[in-house]
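[1] Below is the sequence, then the predicted model.
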Amino acid sequence: MNILTKICVVVLLILVLVASVVFINMATVPQNWRAAYEQEKLRANLNEQAVRTQTLVTNTQAAEIELLKRSRDEKAIQLAELKKGQVPDPKELMVAEITAKLNASNTSLARLQQDVKVMSERNEVLSKQLEGEWDKIATIQKSNSSLTADLTQLRGELERSKRVVNALERKLQDRQERITELENRAPGAAGGAAAAAVVPQGKVTGTITAVRGELASINVGAAQGVTSGQKLYIYRNASFVGYLRLDNVDEGGAAGTIIDKQLDPTVGDKVTNDLMK
């Protein structure tokens, strides 16, 4: 490898280092955590590429040093043989030339050794920078995981809040319908007595025991405070299913029509007169 090639390699290395610094500076102000993650990853890749380039240059120069050492040893042997054989004057000129070339080779070897030392130091610095970049990437990934967990928790809380709001809205609508029904049925004192007879005292909770088309039967009746014409909520776990308007009420059971259903009722669904108690 001649001097021009070595200069080109050094210039290329400097350009790679400068480009790495520029890219790192361009990536120091992330707009958000994902952009910061991508920029840090790009910076780490650039530093890793620079380390590989320096390693390649170091290996090349080490090979050149080894080649120069062998050439120096061969020339030293040739010089010893020339001196031992008491060569004539033309040979002495050749020995002088060989000695000059050997000195130049030694100078070049010392320069290359110094370059290898500098490259090794830069390699160590870049390795430390690369470790720092990977630590930053790990921190960003950890922050990303934490944010994802928080987002999932917030979504769950939002979903629960929506269910509570929906339940309150249905409860308000149902009570408004009850008020309207009682006002239309019998205003005045007699109507107040009738309303007291229609609205059950306390919370009523039961289970659907049979479903047939739009009709369903439950396992609670007049003994539990259920009255004919009453409208009960149907729910499954935390989901609202619909309403059950009671048409027939016995002592221990009742049956009615399913109205305003959001889901298909099934045996085992729960019924109640108040979702919030």
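    On my side now, so go ahead. In this text the structure is predicted, and so the values were computed from the model without any measurement.

[2] Show me how far stretch 148-167 is from its chain's centre.
    20 Å (CA atoms, centre = their mean, to the nearest Å).

[3] Touching it from outside, list them.
    Here stretch 148-167 makes contact (CB atoms under 8 Å, 6 or more residues apart in numbering) with 238, 239, 240, 275, 276. Glycine gets a C-beta too; all of them are placed from N, C-alpha and C.

[4] is it true that the second one touches residue 265?
    No. Applying CB atoms under 8 Å as the test, residue 239 and residue 265 come out as separate, 11.3 Å apart.

[5] And those two? Which one has more around it.
    Comparing residue 239 with residue 265 by neighbour count (other CB atoms under 10 Å), the higher total belongs to residue 265, at 20 against 12.

[6] So which residues of the protein form strands?
    205-212, 215-218, 231-236, 239-249, 254-259, 270-272 (DSSP state E).

[7] Make a markdown table from the ones you listed and add mean pLDDT and distance to residue 38 to it.
    Listed next are the strands of the chain as a markdown table, based on pLDDT from 0 to 100; distance: least, CB to CB, whole Å:
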| stretch | mean pLDDT | distance to residue 38 |
| --- | --- | --- |
| strand 205-212 | 93 | 54 |
| strand 215-218 | 94 | 56 |
| strand 231-236 | 90 | 44 |
| strand 239-249 | 90 | 40 |
| strand 254-259 | 93 | 54 |
| strand 270-272 | 92 | 50 |
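
[8] out of these, nearest to residue 116?
    Of all these, the one in closest proximity to residue 116, counting by CB to CB, is strand 239-249 (72.2 Å).

[9] helices or strands up against that closest one?
    When contacts are defined as 3 or more CB pairs under 8 Å, 6 or more residues apart in numbering; DSSP states H and E, strand 239-249 sits against helix 89-185, strand 231-236, strand 254-259.

[10] Low-confidence bits of the stretch 101-250 of the chain, can you list those?
    Scanning the stretch 101-250 of the chain for pLDDT under 70 picks out 171, 175, 178-179, 181-202.

[11] hmm, try it at 50
    For the stretch 101-250 of the chain, applying pLDDT under 50 flags the ranges 186-200.

[12] ok, for residue 76, nearest residue in space, not its chain neighbours?
    Of all residues not flanking residue 76 in the chain, residue 102 sits nearest, at 6.8 Å (CB to CB, 6 or more residues apart in numbering).

[13] oh, I was asking about residue 272
    Nearest residue to residue 272, sequence neighbours excluded (CB to CB, 6+ apart): residue 205, at 4.9 Å.

[14] Closest to residue 16 out of the contacts of stretch 148-167?
    Nearest to residue 16 out of those is residue 238 (CB to CB; 59.3 Å).

[15] how much space between the closest one and residue 220?
    Relative to residue 220, residue 238 is positioned 21 Å away (CB to CB, to the nearest Å).

[16] need the contact list for residue 71.
    residue 105.

[17] Swap in 10 Å and give it another go.
    Neighbour list for residue 71: 101, 102, 105, 109 [criterion: CB atoms under 10 Å, 6 or more residues apart in numbering].

[18] For the first one, which non-adjacent residue is spatially closest?
    This means residue 101. residue 75 (6.8 Å).

[19] For that neighbour, report the pLDDT, please.
    The model reports residue 75 with a pLDDT of 84.

[20] ok, it - how many residues close by?
    When counting by other CB under 10 Å, one arrives at 16 neighbours for residue 75.

[21] mind listing what's buried in stretch 230-248?
    For stretch 230-248, the neighbour count (16 or more other CB atoms under 10 Å) marks 230, 231, 232, 233, 234, 235, 240, 241, 242, 243, 244, 246 as buried.

[22] Please identify which of these is nearest to residue 62.
    Ranked by distance to residue 62 (CB to CB), the buried residues of stretch 230-248 are led by residue 240 at 76.2 Å.

[23] Backbone dihedrals for the residue lying closest to the closest one once chain neighbours are set aside, both of them.
    With CB to CB, 6+ apart as the criterion, residue 240 has its nearest non-adjacent residue at 5.7 Å, and that residue is residue 262. Note on residue 262: its backbone torsions stand at phi -100, psi -30 [degrees, to the nearest 10].
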